[in-house]
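Asker: Sequence plus predicted model, see below.
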Number of protein chains: 2
Amino acid sequence: MSLNAGLLLFIPYRAMESRVFAALAAAGFGDVTPAQAKVFQRIAEDGSRLTDLAEQAQITKQSAGFLVDQLERAGYVERVPDPTDARARLVRVSARGAAAVTVAAAAVAEVEAEWEAHLGARRMTQLRAILTDLREITDPYA
Amino acid sequence: MSLNAGLLLFIPYRAMESRVFAALAAAGFGDVTPAQAKVFQRIAEDGSRLTDLAEQAQITKQSAGFLVDQLERAGYVERVPDPTDARARLVRVSARGAAAVTVAAAAVAEVEAEWEAHLGARRMTQLRAILTDLREITDPYA
DNA sequence: TGCTATAGTCAGTCTCTCTGACCAATGTAG
DNA sequence: CTACATTGGTCAGAGAGACTGACTATAGCA
C-alpha cells in the first residue's frame, strides 16, 4: 500500500519519539510529558524567552508558560531575569535538564544507528540531505 | 544547524498537516479537528468497528467512541449495526465524509507537487522510497 | 448450560490548549 | 520628555481529548 508523504514522515517520527521517551523513563526521567518536551527541546544554549519558545513550538505563550512551570517544578529548567530587558526572563536548562538531554541524545543516536543499519549509510545520508533541503519550504523558523 | 532525524521528519509532516486542515477549512469542513481526523482516516471502505479504530489510532476505545460521536454529530460518519455481531456496530464514512476525503486528498497532492518542484523528481522519488523502506522497522502495523 | 472473551458505554479525572483580560517595561513620535 | 503603541508575561476560565475503572450485553466455547 502506498501512503501519502505526510504519513510516511510521521511513522518514523513517532517511532523515534516513542524510543526516546522509553529511554528517558528507563533513566528516571519518566515524569517528562511529550508536551513538556516539545517546549524543552527548543530552549537555546544561553536560555530562551518564553515568547520565543511559544512561537517556535507553535503554541500560545500561556500554554508555554504552563509547561515551563511544570518543567521548573520538576527541576528540568530554571528561570533567570533577562539582563537586557526587565520585562523578560530567560528559561534555561538546569543540571537535571542537561542530564535528561544526554539520555535523550543517546537514544536518538541509537535509533539513528539502527536506521542507518537498515537503510545503509548512503541512503541515510541522502535522507538527511533531502529532509534538510525540504526544511527550506516547510519550516517557518528556518 | 543540524537537527536530529526525528525533528527533520516532523517539520515537513506538520507542514503537510497544516495545509490539509487549511484546505478542509476553506472548503467548509472547518469543524474537523486533528484528533477526529486521526480516527476518521482509519475507517475502512466497508466500515470499521470502534475497537479496531481505537487500536489502529493507538487510543482507548473510550476515546475513539468520544471522537466518533463527534464525527457522527457533524455528519461525517454513520453507525450501522454489524450484521455479523449484535454487540458491534460499524462506523462508515458518510457522503459528507467522502466529500471531505476528496478535498484532503487534493490538498495532499498539491503539497506533494510543491515538494517535488523544490526537490526535483529524482530526490522526491528517493525520499518516498527511503521512507517506505524505513517503515519496515518503524511501523508497528506494517 | 455455564464460563470467559469481546464490543461498547457511562462516569469521573487529568493534561494540554485556547481566548480574553490584564500588568509592567520598552520603544517611539510628537 | 511625555503620550501611546508594542512587547513580555501572568491570571482566570473554558473546552478538547485522553486516560482509568466499572459496567452491560452479546458471542463463543467447553
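Answerer: Alright, I've got the coordinates.
Asker: Check what pLDDT the closest residue to DNA strand C within chain A gets.
Answerer: Relative to DNA strand C, the nearest point of chain A is residue A:33 (3.0 Å; Cβ to the nearest atom of the strand). In short, each C-beta sits where N, CA and C put it, glycine included. Model confidence at residue A:33, given as pLDDT, is 96.
Asker: ok, now how distant is the closest residue to it other than its chain neighbours from residue A:96?
Answerer: In space, and not counting its chain neighbours, residue A:33 is closest to residue A:70: 7.8 Å by Cβ to Cβ, 6 or more residues apart in numbering or on different chains. Look at residue A:70 and residue A:96: by Cβ to Cβ, to the nearest Å, they are 13 Å apart.
Asker: Name all residues that make contact with the residue nearest to residue A:61 when sequence neighbours are not counted.
Answerer: For residue A:61, ignoring the flanking residues on the chain, the nearest one in space by Cβ to Cβ, 6+ apart is residue A:54 at 4.2 Å. Shown in contact with residue A:54 (Cβ atoms under 8 Å, 6 or more residues apart in numbering or on different chains): A:60-61, A:63-65.
Asker: quick one: which of these is most hemmed in?
Answerer: residue A:64 (24 neighbours; other Cβ atoms under 10 Å in any protein chain shown).
Asker: Give the helix, strand or coil label for that residue.
Answerer: helix (DSSP: H, G, I helix; E, B strand; the rest coil).
Asker: do the same with residue A:13
Answerer: helix.
Asker: follow-up on the earlier one: check the spacing between the residue nearest to residue A:33 and residue A:40 real quick.
Answerer: 10 Å.
Asker: before we move on, the earlier item: was I right about the residue nearest to residue A:33 contacting residue A:32?
Answerer: No: counting by Cβ atoms under 8 Å, residue A:32 is not a contact partner of residue A:70; they are 9.2 Å apart.
Asker: Which one's more surrounded, those two?
Answerer: More crowded of residue A:70 and residue A:32, by other Cβ under 10 Å: residue A:32, with 20 against 17.
Asker: show me what contacts the more buried one?
Answerer: Residue A:32 sits in contact with A:21, A:24, A:40, A:71, A:74, A:76, A:100, where contact means Cβ under 8 Å, 6+ apart.
Asker: on that earlier part again, and the gap between the residue nearest to residue A:33 and residue B:139?
Answerer: 31 Å.
Asker: got it, and residue A:105?
Answerer: 24 Å.
Asker: so how far is residue A:11 from residue A:87?
Answerer: Distance from residue A:87 to residue A:11, by Cβ to Cβ: 43 Å.
Asker: what about those two, which has more around it?
Answerer: residue A:11 (22 against 8).
Asker: Skipping adjacent residues, who's closest to that one in space?
Answerer: Using Cβ to Cβ, 6+ apart, the closest residue to residue A:11 is residue B:139 (4.9 Å).
Asker: count of residues packed around the one you found?
Answerer: 16.
Asker: Show me which helix runs longest in chain A.
Answerer: helix A:95-119 (DSSP state H).
Asker: Name the residues of that helix that are buried.
Answerer: A:96-97, A:100-101, A:103-104, A:107-108, A:111-112, A:115-116, A:119 (16 or more other Cβ atoms under 10 Å in any protein chain shown).
Asker: If we only consider the residues you listed, which is nearest to DNA strand D?
Answerer: residue A:97 (17.4 Å).
Asker: so the residue nearest to residue A:11 sits right up against residue A:10, yeah?
Answerer: No: if you go by Cβ under 8 Å, residue B:139 and residue A:10 don't touch, sitting 10.0 Å apart.
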